Every structure is written in structure tokens, then in C-alpha cells.
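In: Quick check, what structure comes out for this input:
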Amino acid sequence: MQPTIILLKEGTDTSQGKAQLISNINACCAIVDTVKTTLGPRGMDKLVQQGNKTTISNDGATVIKLLDIVHPAARALVDIAKSQDEVVGDGTTTVILLAGSLLREAKGFIEDGVHPQIIIRSFRKACQLAREKINEIAFKIDESKPEEFRQLLERCATTSMNSKLIGSKSDLFAPMVVNSVMHLDDDLDIDMIGIKKEPGGAMDESIYVEGVAFKKTFSYAGFEQQPKSFVKPKIISLNIELELKNEKDNAELRIESVEEYQSMVDAEWNIIYDKLEKIVASGAKIILSRLAIGDIATQYFADRDIFCAGRVPEEDLKRVAKATGASIQTTVNNLIPSVLGTCEVFEERQVGKERYNFFTGCPETKSVTIILRGGGEQFNDEAERSIHDAIMVVRRARKFKSIVSGGGATEMELSKFLRNYSRNIQGKQQLIINGFAKALEVIPRQIADNAGFDSVDVLTQLRQKHAQEKGERFGVDIKTGGICDTFDSFVWEPSLIKVNSITAATEVAELILSVDETVKNPKSNAAQQDQAAQMPRGMRR
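Out: Residues are numbered from 1 along each chain as shown. Sure thing, here's the model as predicted:
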């Protein structure tokens, strides 16, 4: 009699085989169905509510991050959306749709009994061929002609914004975005571009600042007596508190006379005044600190015509320090001229209902700030995400200097190329690569569907055009519902977006197809139940 061998703890849930694999594919396809309507210039927005916070967006990465996805396989789509957003900044919805379309094509082969590894090898081969074809058809940017180069970057920014909430104002924001990226140093550090949001007003009132700008910080009495404008001032950046502090440690001091007590009080005042005198002696006219600048220090500086701001956000303080050449100091000792920064003009200006501090003409590192105006909080949040995506696109286009046609033209050309290639090979790989080619058509099909056009009619026109010579640039025409040369229509995208989208979508499809068994630990369920039991009754679902 053979003894029973128990390998897994009692209560462990395991699922394997074809049914489990198809279940994972179905879960990913359900996520794709949620975000697919956000693709393209006529894509719809999604409203996601989390508690009291409401987010309205058509950015694929933003929507999928806000969804509380619990299926382990479907979480892979969240990861590729985040990766696409961080590396390229745009094409997040595209990569999710491509991954879902590849998995749908693979599902049919799985149900027919094809081994997942054969599908994975074929997908990998098709992805390699697609990447090589993109590099072949890409248009190289000539940076030697500044005017043409700038116009090309503005077209890329406009294409990125067309599908966003601010698409109607792309003629205003596209030059802002290009100016921001062109103003950066060769390292293209995106942290040197600050985006601020100020509710109220219209989008047309948004401000572009060649320098650093941040909102007026909390101030004490005496602040209004300080000057609010300087020309070529010396700037000091601190990370210390400039106010009287009570003793926090458990200290005991024995005193025997009133004089000793008075000397102790005088010592506390001498410490703060000693710091202030050293700062004034440095010759700085603008004092910035990440920590608080109290009322004593504020009045002290006001009496000496010095501007000060405490509790400056860390990111803004770092941008000011890098742009002006200042070094953030943690002590007031040895404030030599090399640790001080400067700028051409400093001024405090009213923007909406708030006041902003502007540092322009910064000599060291080039920095810019965009202050967005808009009607509501959700609108400004979505505008900020749209500007960020456009900045990332222009940044990549400037760095890699290679673009391709948008509007589904590149995907249709790749589909035609892979179909022709599959006819010259034999075996199951022929069918699978042909399925990969069919999956790429999901992009022009969804763009047409989201615009309310007949996607079947549009796709048949595109297939016919791409089969002819010089038809590789034709994509969906959003204005007429037909097809057009998207390159001549200035619908351009950096080739890196297409390469990264196809690569990431193929990799996540391979990842999900390679999983043959799912094991769920009973501890995870028990931990979730204990956590739910500890929550207040009103918060349970």
C-alpha cells in the first residue's frame, strides 16, 4: 500500500493545464476591454472613484493603475503600462491593446492544442522582425536645420496631445513643451521642468517661465515688509530652521540665581541671532529654506531689505539650487561666495488667487516652469498628465532623432510585412506569425471604432493601400472617416514608442503563455480575512 504524500499545505488552491491558461488570457482581455475605448484622438475618458477622490482620464497607465486589479496574471498589464509610461511617456493604451490582441490570437492556438512554447518562439521571431522593419521605415531627423527640427518636434507633441483633454489647445501647449525640452541641457533631465497647477481662469492663461517658479510659502509677520523684486541678487539655499526652539531632550539645568536664568535665556537668543548675522554677512538677498523661518528671523530680514521663504518644497528648492548655482547648506558657518547662487531677476507675481516667486535668467543649469490654468482640479490633473506625456515624447524624439507615421499606419505596414514573411515559411510558425500580423491591426481598428467610423471599411482600404507601392504611410483619417497619408498630415510619433510598445506587449504575452500552473497560498486568504475583520464596520465591503 502506497502512503499518501502531501506536498502542499491543506487548503492550497492549485489550477493548471489548458483551462488555467485560458482563464489567465480571459482576465487580461477583460482589462483590455476596459481601456480600449480611450485610444486615439476621439477616445473616451474614464471616471475612476476612490473613496472621496475622483479621477477623470483617458491615459491608459493612469486608468489601469487606479483599477484595483486582484487577478495575478492581469497585474502583468499594469506593469507594462507603468514601464511604457516611465520609459517613453506615451503609448500606454497602445501597449495594453497589443498585448490583449496577441493573447486573443494565442488563445485560438491554445484551444487547438498548440504547445505554448511554439507560440512563444513564433511571437519572439515576429517581434524581432517587426523591430527591424520599424528601424527600416523610420524617418531620421536632421538636427542641422533648427527651424525644421523644431517644427518636427512640435508635430510630435501635437500628435501626443490630440488624444488628450488639452488636444483643442495643442497650438498653445505644443510650443511650450518644445521650448521646455529645447531649453534643457544635453542630459535632458526632466526634473528641471516644473509643472504647477493653479485653479481658475482659462487654459489660454497658462504661463511658460524660463526659470523656476513656485507658490508663495507660509509666511510670518514682517513678510509683507520685505522687498519682492531684485535684480541679480545673491541666493542662499538652506536646510535648517531659523526660529527659537524649545528643548526637546530630557535635560536638567540647576540654577541658583536670577542672573543664571537670564544668561540661559540670553544664550537661546544669541544662538538664533548669531545664525542670522552670519547669513546677512554673506551678502545674500534671498534666503530659501526647506524648514521653517520663524517670525523673529522674518522681521530681522525685513529690517535689512532681505527676502526670505521657509518651508519651500524640496523639489523646488533643488531646482532653484541647480538653476542658480547655489549649494544647499545644512549650517550657516563658512558661507563663502561659491555656495551662493544668483539669477538675473527675482520677483513675486500674482497668478490667479495665489502669489508665485519667479527666478528668471538662471545662469547654471537651464530650467523651465509651466503654470497650468483651468477650471477644476480634475481638469488640471489631467492637463498635467497630458503635458508630462508630451514632454516625454519630445524628449525621446530629440534624443533618438527618429520618427514614424502615426494613426495606425506603422502597424498596418508591419502587418503586411509579417503576412508576406509568413507565406515563405512552413509549419505552425506560419500560422502563428500570421496571427501576430493580424493582432497588430487592432490599433487602426480601435482608432476607427472610437471615432464612430466603420472599422471594417477603413481596414479594407488600408490593406489595399499598403499592398501598393508607397502606401506605407497611410493610416486612419479621423476628420473624414477614410484613410490618408498620416506623415503628410503631420501625425508623427518617435519610433521608440512603436519599438517599445511591440516589445513590451510581446514580452507580457510570452510571460502569461509560459505560466502552466497557479498556486494560491492559503495564508494570503487568511491574512486578507484578518485584515478585513480588523477594519471598522463602515469600511468593510
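
In: Report the buried residues of stretch 109-124.
Out: Phe109, Ile110, Val114, Pro116, Ile119, Ile120, Ser122, Phe123 (16 or more other Cβ atoms under 10 Å). In this view, the C-beta of every residue, glycine as well, is placed from N, C-alpha and C.

In: Now render these as JSON lines, adding distance to Ala81, pLDDT and secondary structure.
Out: JSON lines is the format used below for the buried residues of stretch 109-124 (distance: Cβ to Cβ, whole Å; pLDDT from 0 to 100; DSSP: H, G, I helix; E, B strand; the rest coil):
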{"residue": "Phe109", "distance to Ala81": "25", "pLDDT": "90", "secondary structure": "helix"}
{"residue": "Ile110", "distance to Ala81": "24", "pLDDT": "90", "secondary structure": "helix"}
{"residue": "Val114", "distance to Ala81": "28", "pLDDT": "89", "secondary structure": "coil"}
{"residue": "Pro116", "distance to Ala81": "23", "pLDDT": "89", "secondary structure": "helix"}
{"residue": "Ile119", "distance to Ala81": "23", "pLDDT": "92", "secondary structure": "helix"}
{"residue": "Ile120", "distance to Ala81": "21", "pLDDT": "93", "secondary structure": "helix"}
{"residue": "Ser122", "distance to Ala81": "25", "pLDDT": "93", "secondary structure": "helix"}
{"residue": "Phe123", "distance to Ala81": "19", "pLDDT": "93", "secondary structure": "helix"}
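
In: quick check, nearest of these to Phe358?
Out: Phe358 lies nearest to Phe123 out of the buried residues of stretch 109-124, by Cβ to Cβ, at 52.5 Å.

In: OK, contacts around His466?
Out: Met412, Glu413, Ser415, Lys416, Glu472, Phe474 (Cβ atoms under 8 Å, 6 or more residues apart in numbering).

In: quick one: it and Lys479, what's the gap?
Out: Separation of His466 from Lys479 (Cβ to Cβ, to the nearest Å): 20 Å.

In: Please apply the same query to Ser514.
Out: In terms of Cβ to Cβ, Ser514 sits 43 Å off from Lys479.

In: Between the two, which is the more surrounded one?
Out: Taking other Cβ atoms under 10 Å, Ser514 and Lys479 do not tie; Ser514 has more neighbours (12 against 9).

In: Verify the stated contact: that one with Pro116.
Out: Yes - using Cβ atoms under 8 Å, Ser514 is in contact with Pro116, at 6.4 Å.

In: for Val209, what are its contacts?
Out: Contacts of Val209 (Cβ under 8 Å, 6+ apart): Phe358, Thr360, Val368, Thr369, Ile370, Ile371.

In: Try it again at 10 Å.
Out: 180, 194, 196, 349, 356, 358-360, 367-371 (Cβ atoms under 10 Å, 6 or more residues apart in numbering).

In: overlap in contacts of Ser514 and Pro116?
Out: Shared contacts of Ser514 and Pro116 (Cβ under 10 Å, 6+ apart): Leu21.

In: Throw the buried residues of stretch 109-124 into a markdown table and include distance to Ser206, thanks.
Out: Listed next are the buried residues of stretch 109-124 as a markdown table, based on distance: Cβ to Cβ, whole Å:
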| residue | distance to Ser206 |
| --- | --- |
| Phe109 | 50 |
| Ile110 | 50 |
| Val114 | 54 |
| Pro116 | 50 |
| Ile119 | 49 |
| Ile120 | 47 |
| Ser122 | 49 |
| Phe123 | 44 |
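
In: related to what we said a few turns ago, I'd like to know which of the contacts of Val209 are part of helices.
Out: Ser180 (DSSP state H).

In: Between which two of the contacts of Val209 is the distance greatest?
Out: It's Ser180 and Arg349 that sit farthest apart of these, by Cβ to Cβ, at 19.5 Å.

In: higher neighbour count, the two?
Out: Of the pair Ser180 and Arg349, Ser180 is the one with more neighbours under other Cβ under 10 Å, namely 28 against 14.

In: Confirm that Cys127 sits in a helix.
Out: Yes - Cys127: assigned to a helix according to DSSP: H, G, I helix; E, B strand; the rest coil.

In: Count the residues that sit near the closest residue to it other than its chain neighbours.
Out: The shortest distance from Cys127 to any non-neighbouring residue, by Cβ to Cβ, 6 or more residues apart in numbering, is to Thr506 (4.1 Å). By the criterion of other Cβ under 10 Å, Thr506 has 24 neighbours.
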